[in-house]
Every structure is written in structure tokens, then in C-alpha cells.
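[1] Structure for the following, please:
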Amino acid sequence: MLAAPALSTEVAVGGPTLARANVSKTGPKKLEQDPIRSPRVTEGATNGRPIDQLFRECTDAAQQFKNSKKREEHLLMQCLQKAALLYEYGESQDPEGYALLLSHHKIRVTARTHNPFLPIVKLVFGAVEKGQRTNLSRYAGVLRFAHEKGVEPHAFPHLFKEEGGLDGCAEKDREAHPSPERQAASTKHAAHLQALKAQAHGADLSEVADELQTGLTAVLIEKDQHGNLQVLGLRTETFEHVRRYRPLIAVGAQEQ
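    This next block holds a predicted model:
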């Protein structure tokens, strides 16, 4: 699990160090105006609390990512590191302050909020990824994936390298936590496959020759653990889709 960030510590990120929470116990140091938010964003909410300092660092990093010409992945990674620290601090050290931040920015947590990291992503990236719901879901998935693997923010670079980058982490999170729509589709596909298997033919295509139409036909074949082949289904194919297929290597060619 992610460790809650200690105050007045730093995190090494393989290059420039990221400030984890440069605040004293008496409150945060005076900061320059945040380019994303107006000076009144935290007025009446968390102003003067350590969590506000962490939030400012997150929005500063998000603004830097937004302003980068190619939106470099290492800047996005730093944003995610800071967002993870803010989330863990809010959950473990200042739940009231975290709830105030979300409420002040009109971010609601409901029964439909299946990913607990989505609110923090909306909080940090809301002004940067305005209207980009797909990106916000992807970032939240990356944070959840790291959290469930017990990877702390300072180790994100190694995690991304091992898991295929941010996209690889997001995809693995989707596989581990399929959406209700994706689960329903998967169930429907599995039922259809079982229906095909119930009417399967042997691999001798002569048995289904009468069902073949003139032109291109795609044949769905399954090979079981014993090496047996079964024809599960047929589909008329179009010329535009021929690039989906690889050449069939003949047995004689393999023996040469």
C-alpha cells in the first residue's frame, strides 16, 4: 500500500527531486499565485492546512504538463506521483481537508464512483484535461493499479518501465476492474461462443462447403488441448479487411 507522506520530506524521482510536502507543522509557506486556480480557490476550505500545500504542488505540476509542447510522459508521471501523495495524505492524515477540497471543487463521490482515485484525478487534472473523460479515467486506472501492487510514488518510473508505460498500466487496471458495460459484453460474448461450440463441425471444410458463398469467407476454428480442430462459425469477409489476416504457412513449406 502507498505510505502516507511525511511532512518536510522529499522524494527522489530519478532526476530532479520532487518536493513531497514542503510544509511546516505550523502551515504552508507563502506561495505565488497558482496559474490554474484563482487566489480564492481554497478560501474558506483548506487554506492554511498542509493538504492545501500538497494540492498546490499538484496543480503546479499539472500546469507544467499542460504547457509542455509534446505533453512529455515524464511530466505526466510526476503529476501522478504528486496526486498519489495527495490522495494518501488526505485519506490517512486529513480526511476532513480532503473532503473539503473535493466539495469546494464540486467533485462528488457517489455509489457510481467505482475507482476511488477518480476524484483525486479530477481534482488535480480538472483544469488541464477539461472534457477529456477518457484521459481522466486512464490516469485514475494507473493510480489504482500502482496502489494495488503496493508501489509507492517514488517507484512509479520502474513500474511504468516494467508494465509497458502508462498505457500498459491502464490496460492492466481495466482487465482487473472491467466496467459493468464491459462485464455485460463479456458475458454476452461467452454465451455466443458456447452456442457456436454446441453446433461445431469437424475441421473438414467439405462438410460446410454448401454454406460457403462465392467470394471471401472467414472461418472461425478452435484448436483444443489435444490438437483437435473444430469449425465454430463462418462469416462473409470483405476486401477491406484482408489485412487482418496473416498468410497460412503450408505444412510442406514448414518441413523445407
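[2] show me the contacts for Ala146.
    Leu2, Ala84, Pro153, Phe156, Leu159, Cys169 (CB atoms under 8 Å, 6 or more residues apart in numbering). No exception for glycine: its C-beta is placed from N, CA and C like everyone else's.
[3] Which stretches in the stretch 1-150 of the chain count as helices?
    Secondary structure of the stretch 1-150 of the chain (DSSP state H, counting those that start in this stretch): helices at 50-67, 73-92, 95-104, 118-125, 133-148.
[4] Give me whichever of those is most buried.
    helix 118-125 (a mean of 23; mean count of other CB atoms under 10 Å).
[5] who wins for neighbours among the contacts of Ala146?
    Highest neighbour count within the contacts of Ala146, by other CB atoms under 10 Å: Pro153, with 28 neighbours.
[6] Touching, that residue and Met77? I think so.
    No. Using CB atoms under 8 Å, Pro153 is not in contact with Met77; the gap is 9.4 Å.
[7] about what we covered before: and the two most separated of the contacts of Ala146?
    Farthest-apart pair in these is Leu2 and Cys169; separation 14.6 Å (CB to CB).
[8] From Tyr89, how far out is the residue nearest to Gln81 when sequence neighbours are not counted?
    Sequence neighbours aside, Pro153 is the residue nearest to Gln81 in space, at 4.0 Å (criterion: CB to CB, 6 or more residues apart in numbering). From Pro153 across to Tyr89, the span is 11 Å (CB to CB, to the nearest Å).
[9] all strands for the stretch 151-256 of the chain, in order.
    Along the stretch 151-256 of the chain, counting by DSSP state E, counting those that start in this stretch, strands occupy 201-202, 217-223, 229-236.
[10] Can you tell me which of those is nearest to Arg244?
    Per CB to CB, nearest to Arg244 of the strands of the stretch 151-256 of the chain: strand 217-223, 8.7 Å.
[11] Note down every partner strand of the closest one and its orientation.
    Within its sheet, strand 217-223 is paired with strand 229-236 (antiparallel), according to DSSP bridges.
[12] Other residues contacting the strand it pairs with?
    So strand 229-236 is contacted by 193, 196-197, 200-203, 205, 207-208, 211-213, 215-224 (CB under 8 Å, 6+ apart).
[13] The same query, at a cut-off of 10 Å, please.
    With contacts defined as CB atoms under 10 Å, 6 or more residues apart in numbering, strand 229-236 is touched by 192-193, 195-205, 207-208, 211-213, 215-224, 241.
[14] re earlier: specify which member of the contacts of Ala146 is nearest to Pro95.
    Nearest to Pro95 out of these is Leu2 (CB to CB; 15.4 Å).
[15] Looking at that closest one now. What's its pLDDT?
    pLDDT, Leu2: 51.
[16] Number the chain from 275, please
    Shifting the count to begin at 275 puts that one at Leu276.
[17] Quick check: Lys471 touching Ile495?
    No. Lys471 sits out of contact with Ile495 when judged by CB atoms under 10 Å, with a separation of 11.8 Å.
[18] With distance to Ala373 added, can I get the contacts of Ala420 in a markdown table?
    Output for those, formatted as a markdown table (distance: CB to CB, whole Å):
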| residue | distance to Ala373 |
| --- | --- |
| Leu276 | 19 |
| Ala358 | 18 |
| Pro427 | 22 |
| Phe430 | 26 |
| Leu433 | 29 |
| Cys443 | 27 |
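[19] Among those residues, which one lies nearest to Ser342?
    Nearest to Ser342 out of those is Phe430 (CB to CB; 17.8 Å).
[20] The closest one against Gly439, yeah?
    No. Under the criterion of CB under 10 Å, Phe430 makes no contact with Gly439, lying 11.0 Å away.
[21] Need the residues touching each of those two.
    Contacts common to Phe430 and Gly439, judged by CB under 10 Å, 6+ apart, are Met351, Val416.
[22] do you know which of the helices of the stretch 275-424 of the chain lies nearest Ala450?
    Closest to Ala450 of the helices of the stretch 275-424 of the chain is helix 407-422 (CB to CB; 7.4 Å).
[23] Give the closest residue to Gly439 in space, chain neighbours not counted.
    Leaving aside its chain neighbours, Gly439 sits nearest to Glu347 (7.0 Å; criterion: CB to CB, 6+ apart).
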